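Peer 1: need a 3D model of the following:
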Amino acid sequence: MIYVICTYLLVIGLAGLVAQFLLGAGHVGHTGSHGHAAGHAHDAHSAQAGHEAAHTGEHSAPTASSSRAAGAFSMLMTLLSPLMIFSVSLGAGAGGLLLKPLHLALAEVAAAAAFSGIGLYAIVVRPIWRLLFRFASEPSEGLEGTIGHDATVIHSFDSSGRGLVKLTIDGQIANNVLAFLDESDKDHAADIHPGDILTVTSVDTHNNTCRVARL
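Peer 2: Presented below is the predicted three-dimensional model:
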């Protein structure tokens, strides 16, 4: 029975990772073809985004205890991102099936499969994924060079998946950059809080905005 489960995990994980890759490649394809000077453009969008955020009104200043609880929950949700779920499924399925000839006990197979899944995500998939996004951009080309890099959440995302992030553009900090959550993370917008680290998956140089995801 355990090997049947491993087979399902292998298929689901592989299919999910392929879908994630195709979606990510699609977002990169929408990246703008020319760069802009980040300073004044981002200031303008900061003012616009700040004005829009002021109208949302649903974000209140959290208490220290609620901030800690929100941070812990947000970390949990980051660990449960689609990329990690599919990666762990693939690694667990593959690891379990590779152990089939050894005729190990159920508990041993399950433990080894779990270890294989987490290891595949942490050591192989996540670094490669981030590297792919970085190579998809042109370094030192303004906003385009941030693809694959970290984006620090400045203002919580609203229900439409829109929020403010901080980026490092050509070695300089750009605060309050308007960002949009990736489609796979929109349903979890309420679980992403200021201070969380996301990854830039694509940019719109015409509007000086970016798309971010939890990878």
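Peer 1: tell me the mean pLDDT for the biggest helix by length in the chain?
Peer 2: When the chain is parsed with DSSP state H, its longest helix is helix 2-29. Averaged across helix 2-29, pLDDT comes to 77.
Peer 1: elements contacting it?
Peer 2: helix 82-98, helix 106-119, helix 126-135, strand 197-204 (3 or more Cβ pairs under 8 Å, 6 or more residues apart in numbering; DSSP states H and E). Where C-beta positions appear, they are placed from N, C-alpha and C, glycine not excepted.
Peer 1: which one of these lies nearest to residue 156?
Peer 2: strand 197-204 (12.1 Å; Cβ to Cβ).
Peer 1: from residue 83, how far out is residue 108?
Peer 2: The gap separating residue 108 from residue 83 is 28 Å, by Cβ to Cβ, to the nearest Å.
Peer 1: so which of the two has more stuff around it?
Peer 2: Using other Cβ atoms under 10 Å as the criterion, residue 108 and residue 83 rank with residue 83 on top: 21 against 12.
Peer 1: for the chain, which spans come out with low pLDDT?
Peer 2: Scanning the chain for pLDDT under 70 picks out the ranges 24-80, 133-141.
Peer 1: just checking: what are the partner strands of the lengthiest strand in it?
Peer 2: Secondary structure assigned by DSSP state E gives strand 172-181 as the longest strand of the chain. Partner strands for strand 172-181, per DSSP bridges, with pairing direction: strand 162-169 (antiparallel), strand 209-213 (parallel).
Peer 1: list the buried residues in that strand.
Peer 2: For strand 172-181, the neighbour count (16 or more other Cβ atoms under 10 Å) marks 174, 176, 177, 178, 179, 180, 181 as buried.
Peer 1: generate TSV for those residues, with distance to residue 95 as supplementary columns.
Peer 2: Conversion of those to TSV gives the following (distance: Cβ to Cβ, whole Å):
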residue	distance to residue 95
174	42
176	44
177	40
178	42
179	36
180	36
181	32
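Peer 1: now, among those, which is nearest to residue 126?
Peer 2: residue 181 (18.7 Å).
Peer 1: who are the contact partners of the closest one?
Peer 2: 157, 161, 162, 163, 189, 192, 211, 212, 213 (Cβ atoms under 8 Å, 6 or more residues apart in numbering).
Peer 1: likewise residue 190?
Peer 2: So residue 190 contacts 156, 157, 159 (Cβ under 8 Å, 6+ apart).
Peer 1: now do residue 86
Peer 2: Per Cβ under 8 Å, 6+ apart, neighbours of residue 86: 12, 13, 15, 16, 17, 20.
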